[in-house]
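Participant: here you go, sequence then predicted model.
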Amino acid sequence: MGTKKTIIGLKDLDKRAYNIVCNWYKSIDFNPVYKGIDYSLIIRFYLWDKVGRALRIQNGIGNNEVDAYKEEYKNFPQYYTTLLPRGSYKRNLFSRKKIIFIPYQSSLTQGIVSKLHESKSAKVISKISGDILPQKRIIKLSPVKQDKEWSEVLYSNLIKALNVSNINLIPEDVWLLKEQIYGAVRLTNLAVAELKTNKPDAVYVHSDNHPPYINYVLAAKMLNIPTFTYQHGLDCEHYYYNDCFADYVAVWSAHRKNRYILNSLTQPISYKIVGNVFLNNLAIDKNKVSNTILYITRPHKPLKCYAPSRSHKEGLEILKVILKFLLKNKSIELIIKPHPMDIISFYTNAISECKLQNRARIKNTSINELLSKSAIVITEDSTAGVEVMRFGIPLIHANFSTVEPVLPLVKEKAALKGFNEDELLHSIELAFNLDEYERATLIEQQKQLSEKLIPKGNVKSVISYILENI
């Protein structure tokens with residue numbers, strides 16, 4: 001009964017945190033809209049981890065998080081500093097090509113940028129080349145002034161509202177939040193200036209729910225410029241990825257579309273199901289003999305621990321159980337595929353303490369290469385973990401939080417259950433000893449769920465969706 005009360009309490013705490021993140025301004029009757037842009041939608045991202053951290057500390061479940069946070073909190077300026085372009089783009093008034101502005105690029109936008117750049121009906125401009133666009137497609141620097149008065153008004157009222165809600169930020173977060181608020185205003189002013197100067201016909205962003213991307217989405221919407229985005233991962237958080245803000249939202253599956261329809265407070269002009277264009281084809285030898293466990297982690301840096309129920313040591317606690325299995329089973333080896341936003345030192349230290357360096361290794365090579373060597377896979381809530389289901393390898397879903405995971409891997413019988421130490425140890429043993437019928441049944445459920453969550457797509461469908469709507 002005590003455990004049940006704790007679970008219900010943490011669920012309520014998670015809901016309270018998200019309510020504060022989204023609605024802080026209502027507690028002091030403050031209007032966050034300035035020059036046609038709702039800044040509460042922009043800055044909620046900066047509060048995701050800070051409010052959660054404050055509530056964890058307040059409720060005695062911080063688990064020494066601040067020590068880890070102090071080592072990283074200045075390391076991610078990309079979320080609040082401006083990227084100043086140095087290009088030479090000048091719009092051709094006589095060209096009939098549609099101008100698509102993609103401010104930021106990443107490895108996940110390269111295929112889309114390349115295909116649009118090759119299009120005969122569109123011209124891509126950006127703030128960077130991305131090794132794709134020539135200098136003449138990079139925009140020029142737009143002069144912009146910092147609005148210190150609004151920045152201070154926004155920051156001071158946010159702090160006031162957090163105090164009213166009994167949210168006491170640690171000193172590091174007080175400092176960082178001010179930097180982020182001032183940065184958010186600079187980013188937004190720059191977005192408006194760049195859009196007014198270059199007058200694109202559409203804006204495409206890698207993501208539409210956090211800076212620096214949402215700044216461009218809201219600025220474009222204010223200027224009546226159509227905005228587009230495309231899903232780049234699975235929703236592995238309760239609440240925090242509920243909302244979409246772009247006018248046109250391309251998604252992998254009906255499952256994601258339906259979640260947006262159900263949960264997003266703002267709805268786009270349209271959704272388009274186009275499948276997952278990032279999937280690789282990989283042939284796995286299903287008859288291979290392997291004694292290797294592949295453990296795929298999720299983000300655990302304090303910056304990524306949004307809900308109060310989350311812990312930066314979740315992955316470490318799971319690893320300790322896996323290492324316990326290795327200590328009892330001398331022939332088993334382990335490969336850890338850490339998320340880029342995980343705390344790698346936790347894992348290296350734990351492996352060293354168990355003197356298992358010869359059998360437990362951390363690798364950042366491609367998931368394809370790692371799967372070819374793996375007998376079973378253990379995953380937390382992660383996109384990569386779901387991608388594994390396409391290849392017929394027994395999967396274990398590990399989740400040591402007292403709040404249920406987001407992905408329905410166990411519920412859909414596509415993964416064995418590892419929601420505590422005993423379950424995880426039992427499932428690892430079971431995964432290595434599945435009979436032919438048990439394995440076939442598990443693999444079939446994986447196939448069905450992967451088709452539901454991440455059906456394979458074609459980048460041409462994304463391109464068509466954009467070009468048809470501008």
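Facilitator: Thanks, I have the structure now. Residues are numbered from 1 along each chain as shown.
Participant: low-confidence ranges in the stretch 1-150 of the chain?
Facilitator: Within the stretch 1-150 of the chain, the ranges that satisfy pLDDT under 70 run 1-8.
Participant: please, where are all the helices along it?
Facilitator: 2-23, 39-58, 65-70, 110-118, 148-164 (DSSP state H, counting those that start in this stretch).
Participant: endpoints of stretch 218-234, how far apart?
Facilitator: Terminal residues of stretch 218-234 are spaced 23 Å apart (C-alpha to C-alpha, to the nearest Å).
Participant: nope, stretch 354-364 is what I meant
Facilitator: Using C-alpha to C-alpha, one end of stretch 354-364 lies 22 Å from the other.
Participant: list the buried residues of that stretch.
Facilitator: Judged by neighbour count (16 or more other C-beta atoms under 10 Å), stretch 354-364 contains these buried residues: 354, 356, 359-360, 362. For glycine as for every other residue, the C-beta is placed from the backbone atoms N, C-alpha and C.
Participant: give me the subset of the residues you listed lying in helices.
Facilitator: Among the buried residues of stretch 354-364, none falls in helices (DSSP state H).
Participant: closest to Ile28 among those?
Facilitator: Closest approach to Ile28 among the buried residues of stretch 354-364 (C-beta to C-beta): Ile362, at 46.5 Å.
Participant: could you report the pLDDT at the closest one?
Facilitator: For Ile362, the pLDDT comes out at 97.
Participant: ok, it touching Ile344?
Facilitator: Yes. Applying C-beta atoms under 8 Å, one finds Ile362 in contact with Ile344, separated by 6.4 Å.
Participant: shared neighbours, those two?
Facilitator: Pro338 (C-beta atoms under 8 Å, 6 or more residues apart in numbering).
Participant: re the thing from before, in JSON lines: the buried residues of stretch 354-364, plus distance to Ile318.
Facilitator: Shown next, in JSON lines, are these (distance: C-beta to C-beta, whole Å):
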{"residue": "Cys354", "distance to Ile318": "14"}
{"residue": "Leu356", "distance to Ile318": "15"}
{"residue": "Arg359", "distance to Ile318": "17"}
{"residue": "Ala360", "distance to Ile318": "13"}
{"residue": "Ile362", "distance to Ile318": "14"}
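Participant: wait, Ser129 sits on Gln135?
Facilitator: Yes. Using C-beta under 8 Å, Ser129 makes contact with Gln135 at a distance of 7.3 Å.
Participant: what is the neighbour count of Met136?
Facilitator: Wrong residue type there; residue 136 is Lys, not Met. 10 (other C-beta atoms under 10 Å).
Participant: quick one, what contacts it?
Facilitator: Residues in contact with Lys136, defined by C-beta under 8 Å, 6+ apart, are 87-90.
Participant: what is the mean pLDDT for the top helix by length along the chain?
Facilitator: If you go by DSSP H, the chain has its longest helix at helix 171-198. Taken as a whole, helix 171-198 has an average pLDDT of 97.
Participant: buried residues in the helix or strand just after that helix?
Facilitator: Next in sequence after helix 171-198, counting helices and strands by DSSP states H and E, comes strand 202-205. By 16+ other C-beta under 10 Å, the buried positions in strand 202-205 come out as 202-205.
Participant: which outside residues touch the host helix or strand of Ile396?
Facilitator: Applying DSSP H and E as the criterion places Ile396 in strand 395-398. Residues from elsewhere that reach strand 395-398, judged by C-beta under 8 Å, 6+ apart: 318, 376-380, 385, 388-389, 405, 407, 409-410, 414-419, 424, 427-428, 431, 442, 446.
Participant: looking at these, which are in strands?
Facilitator: Among those, the subset assigned to strands under DSSP state E consists of 376-379, 416-418.
Participant: which one among those gets closest to Gly275?
Facilitator: Of all those, Gly275 sits closest to Thr379, with 21.3 Å by C-beta to C-beta.
Participant: and the closest one, how far from Glu237?
Facilitator: Note on Thr379: its distance to Glu237, by C-beta to C-beta, to the nearest Å, is 16 Å.
Participant: over to Asn63?
Facilitator: Separation of Asn63 from Glu237 (C-beta to C-beta) stands at 19 Å.
Participant: neighbour-wise, which of these two wins?
Facilitator: More neighbours surround Glu237 than the other of Asn63 and Glu237, with 19 against 16 (other C-beta under 10 Å).
Participant: in three-state terms, label that one for me.
Facilitator: coil (DSSP: H, G, I helix; E, B strand; the rest coil).
Participant: report the buried members of the contacts of Lys136.
Facilitator: 87, 89.
Participant: between the contacts of Lys136, which sits nearest Val274?
Facilitator: Tyr89 (28.5 Å).
Participant: tell me how far the longest helix of the chain is from the chain's mean position?
Facilitator: Relative to its chain's centre, helix 171-198 lies at 21 Å (C-alpha atoms, centre = their mean, to the nearest Å).
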